[in-house]
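> Fold the following, please.
(chains A and B)
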2 protein chains.
Amino acid sequence: MRQTCNRGIAHHKKAFYSTKAMEEVTEISQSKMFGGFNRRFRHQSSSCGCPMNFTIFFPPQLDSKKVPVLYWLSGLTCTDENFIQKSGAQRVAAIEGVALVAPDTSPRGLHIEGESESWDFGVGAGFYVNATAEKWKNWRMYEYVTEELPKLLTSNFPQLDTSTSSIFGHSMGGHGALTIFLKNPLRYKSVSAFAPICNPVSCPWGTKAFIGYLGENRMLWEEYDATALVKRYKGPPTNILIDQGDKDIYHSKQLLPENFVEAVKEANGPISTTLRIQSGYDHSYFFISSFIEDHVSHHVKALSI
Amino acid sequence: MRQTCNRGIAHHKKAFYSTKAMEEVTEISQSKMFGGFNRRFRHQSSSCGCPMNFTIFFPPQLDSKKVPVLYWLSGLTCTDENFIQKSGAQRVAAIEGVALVAPDTSPRGLHIEGESESWDFGVGAGFYVNATAEKWKNWRMYEYVTEELPKLLTSNFPQLDTSTSSIFGHSMGGHGALTIFLKNPLRYKSVSAFAPICNPVSCPWGTKAFIGYLGENRMLWEEYDATALVKRYKGPPTNILIDQGDKDIYHSKQLLPENFVEAVKEANGPISTTLRIQSGYDHSYFFISSFIEDHVSHHVKALSI
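All right, here's what the predicted structure looks like:
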């Protein structure tokens, strides 16, 4: 299911690091929480050609067994820390015995001209694609999340059962979770999302990002559009849980969950979706934390914990 | 129980605002969470002589009845937002039907020389005292929390039962909660604290703050020292819950909970204390969120909800 893109110059940078060095991770911080530990790490990413941070919540159960992995992909402007500090997911993960893995949302510190001019493009806005535009060749968050990070976890954290994983996310990260799941249905047991960008080829955030990272080839855009991808999904049957606040100012212009639900219906395939419109809720982490327990439970069921 | 301090020039500023204007609060933002609402407000404080922000979490129960109030006092460098964004307390407050009120930690925007030079003095470091030093005359967080804010809540939010309230806090805010409770035992039903500064007259944070805000008069310092105050407490019997992480780097130098427990024993009075040393936990909100449910439950019991 891996897509073939121009890998660009970023990958030649691999030559500058030995395989060993690439696999090294350095712990930046750790804090106990609900009997488990939030541990923040930094490593040199071969996909992105720069140092990247990520945080893992290790639940207390790993003292006695390997635990499955639930990836969280964050939204625009976020780092790996927002979810860890604000979602409250660790409370449920500690009860259920699942590890939470939160990567960053883009390369950082590369000093690409204009990389920090917009909050919805460049730094903090990787959109979980492999960029083909020469200027943004380091923006390979799709490869980073689907290949480099899982391999890194497998080689560095034997207490994680990386072969048993699921994925969820918020907004841009909800788009990331949906598209990554739909393109790799055998790699993840389940997917869910909070206020995901469901049809990026049809919204301002998505078209801006895709023109910038992928150029004018609209066929390529559809490789990263959940509403397009769901029509040709051939994986196992699954239900996708989506929560969307009805006071979310981005709902009707940027997120378009109704387009995704319509595409699921049209496809009439192995995917079903549960779209819950949550009355009064906005786009914030206050919304996420209110329903995080439902989402973790959704994944726990699929992960057969 | 109100202490008499030199009220200073800040109070003459009252003349510049009509009573009506002083009572006006402006909503800055609101977000639904766990069926209730986080609402952030701004008002012109007569105690501090500057605009102050505070946040209230209104639980869903207030649609049908008045709800009691649980004040949270934050630690050094915090604003009214840290607790609201990171503690997860709203989940429990929404179940139990108690409002959470989080004020800021100091005056801001007054441009006092040196007010932002230290993270442990000045802005973000009000220490819940009424400063007597002329330079810091606006630092009247004791009066703000115990008088101005409750009156403001009473006049602006009839859905809050402000006559039924409790108080808790973290670190500097734990010191604030303990001292405010001990000085006003009939005003609050209960108190608890996370990693409180228990004996500020004996630690570097406290002595720096007290010299700066209160001058060299050590008798006055003891008016704001929980370990001193508990020895002369004459209020109703109560149990004080304190959680302290054993990996908290400030435990033995700045927080000194053992001094407080010793003073409680010596006093042999109506106060008892439950000091829980939590293995592996540090000074962060990850620690707070891990035990916030126990603290809210402690207060819910006292508030007879």
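
> From here on, just use CA atoms for contacts and neighbour counts.
OK.

> show me what contacts whichever residue of the stretch 151-300 of chain A sits closest to chain B?
Closest residue of the stretch 151-300 of chain A to chain B, CA to the nearest CA: residue A:290 (4.8 Å). Contacts here follow CA atoms under 8 Å, 6 or more residues apart in numbering or on different chains; on that basis residue A:290 touches B:33-35, B:91.

> Also residue A:38?
In this structure, residue A:38 makes contact with A:30-32, A:55-58, A:84, judged by CA under 8 Å, 6+ apart.

> Tell me who's in contact with the residue of the stretch 51-200 of chain A with the smallest separation from chain B.
Residue nearest to chain B within the stretch 51-200 of chain A: residue A:86 (5.0 Å; CA to the nearest CA). Residues near residue A:86 by CA under 8 Å, 6+ apart: A:285-286, A:289, B:85-88.

> May I see the buried residues of stretch A:275-294?
A:275, A:280-293 (16 or more other CA atoms under 10 Å in any protein chain shown).

> Residue A:208 sits in which helix or strand?
Counting by DSSP states H and E, the element that carries residue A:208 is helix A:204-214.

> Of the buried residues of stretch A:275-294, which belong to helices?
Those of the buried residues of stretch A:275-294 mapping onto helices are A:285-293, per DSSP state H.

> the strands in the stretch 201-305 of chain A, which residues?
A:238-245, A:271-278 (DSSP state E, counting those that start in this stretch).

> so the residue nearest to residue A:44 when sequence neighbours are not counted, which of the three states?
Closest residue in space to residue A:44, ignoring its immediate chain neighbours: residue A:51 at 4.2 Å, by CA to CA, 6 or more residues apart in numbering or on different chains. What DSSP: H, G, I helix; E, B strand; the rest coil gives for residue A:51 is strand.

> same check, this time on residue A:115
Three-state assignment for residue A:115 (three-state DSSP): coil.

> Next up, the contacts around it.
Counted by CA under 8 Å, 6+ apart, residue A:115 has contacts A:121-123.

> How about residue A:90?
A:33-34, A:57, A:59, A:84, A:100.

> got it, and residue A:52?
A:42-45, A:104, A:107-108 are the contacts of residue A:52 under CA under 8 Å, 6+ apart.

> Wait, a strand at residue A:43?
Yes: under three-state DSSP, residue A:43 sits within a strand.

> Would you mind confirming that it is in contact with residue A:53?
Yes: the pair residue A:43 and residue A:53 qualifies as a contact (CA atoms under 8 Å) at a distance of 6.6 Å.

> out of the two, which sits in the busier spot?
Of the pair residue A:43 and residue A:53, residue A:53 is the one with more neighbours under other CA atoms under 10 Å in any protein chain shown, namely 24 against 18.

> Please name the residues that touch that one.
Going by CA under 8 Å, 6+ apart, the list of residues near residue A:53 reads A:40-43, A:80, A:103-104.

> okay, among those residues, which ones form the most distant pair?
Using CA to CA, these span at most 13.3 Å, a distance reached by A:43 and A:80.

> now residue A:102, what's its secondary structure?
strand.

> what pairs with it across the strands?
residue A:55 (DSSP bridges).

> Would you state the predicted confidence (pLDDT) at it?
Note for residue A:102: predicted pLDDT of 98.

> residue ranges with poor pLDDT in chain A?
Residues of chain A that meet the criterion pLDDT under 70 lie in A:1-23, A:305.

> For it, what lies in contact range of chain B?
A:31-35, A:85-88, A:91, A:280-282, A:284, A:286-287, A:289-291 (CA under 8 Å from any CA of the partner chain).

> can we see that at 6 Å?
Within chain A, the positions lying close to chain B (CA under 6 Å from any CA of the partner chain) are A:32-34, A:85-86, A:281, A:286-287, A:290.

> Identify the farthest-apart pair in the residues you listed.
Longest span within these, CA to CA: A:32 and A:281, 30.1 Å.

> Strands of the stretch 51-200 of chain A, start to end?
A:67-73, A:99-103, A:160-170, A:191-194.

> any chance of those in CSV, with distance to residue B:226 and mean neighbour count too?
Listed next are the strands of the stretch 51-200 of chain A as CSV, based on distance: least, CA to CA, whole Å; neighbours: other CA atoms under 10 Å in any protein chain shown:
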stretch, distance to residue B:226, mean neighbour count
strand A:67-73, 43, 26
strand A:99-103, 40, 27
strand A:160-170, 44, 23
strand A:191-194, 45, 29
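
> I'd like those laid out as TSV, including distance to residue A:239.
TSV is the format used below for the strands of the stretch 51-200 of chain A (distance: least, CA to CA, whole Å):
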stretch	distance to residue A:239
strand A:67-73	16
strand A:99-103	21
strand A:160-170	13
strand A:191-194	8
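
> Just give me the neighbour total for residue A:157.
Per other CA under 10 Å, the neighbour tally for residue A:157 reads 12.

> And the helices in the stretch 101-250 of chain A, which stretches?
All helices of the stretch 101-250 of chain A, identified by DSSP state H, counting those that start in this stretch, fall at A:141-143, A:149-156, A:172-183, A:204-214, A:218-221, A:226-229.

> and stretch A:31-43, how far out from the chain's middle?
Relative to the chain's own centre, stretch A:31-43 is displaced by 19 Å; criterion: CA atoms, centre = their mean, to the nearest Å.

> Dump the C-alpha coordinates for that stretch into PDB.
Extracted in PDB, the C-alpha atoms of stretch A:31-43 (Å, rounded to 0.1, in the frame of the first residue of the first chain):
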ATOM      1  CA  SER A  31       6.900  12.400  34.400                       C
ATOM      2  CA  LYS A  32       4.800   9.800  36.200                       C
ATOM      3  CA  MET A  33       1.100  10.100  35.500                       C
ATOM      4  CA  PHE A  34      -1.700   7.700  36.600                       C
ATOM      5  CA  GLY A  35       0.800   5.100  37.500                       C
ATOM      6  CA  GLY A  36       2.500   5.200  34.100                       C
ATOM      7  CA  PHE A  37       5.000   7.500  32.600                       C
ATOM      8  CA  ASN A  38       5.000  10.300  30.000                       C
ATOM      9  CA  ARG A  39       8.400  10.000  28.400                       C
ATOM     10  CA  ARG A  40       9.600  12.600  25.800                       C
ATOM     11  CA  PHE A  41      12.300  11.600  23.300                       C
ATOM     12  CA  ARG A  42      14.400  13.300  20.600                       C
ATOM     13  CA  HIS A  43      16.100  11.600  17.600                       C
END
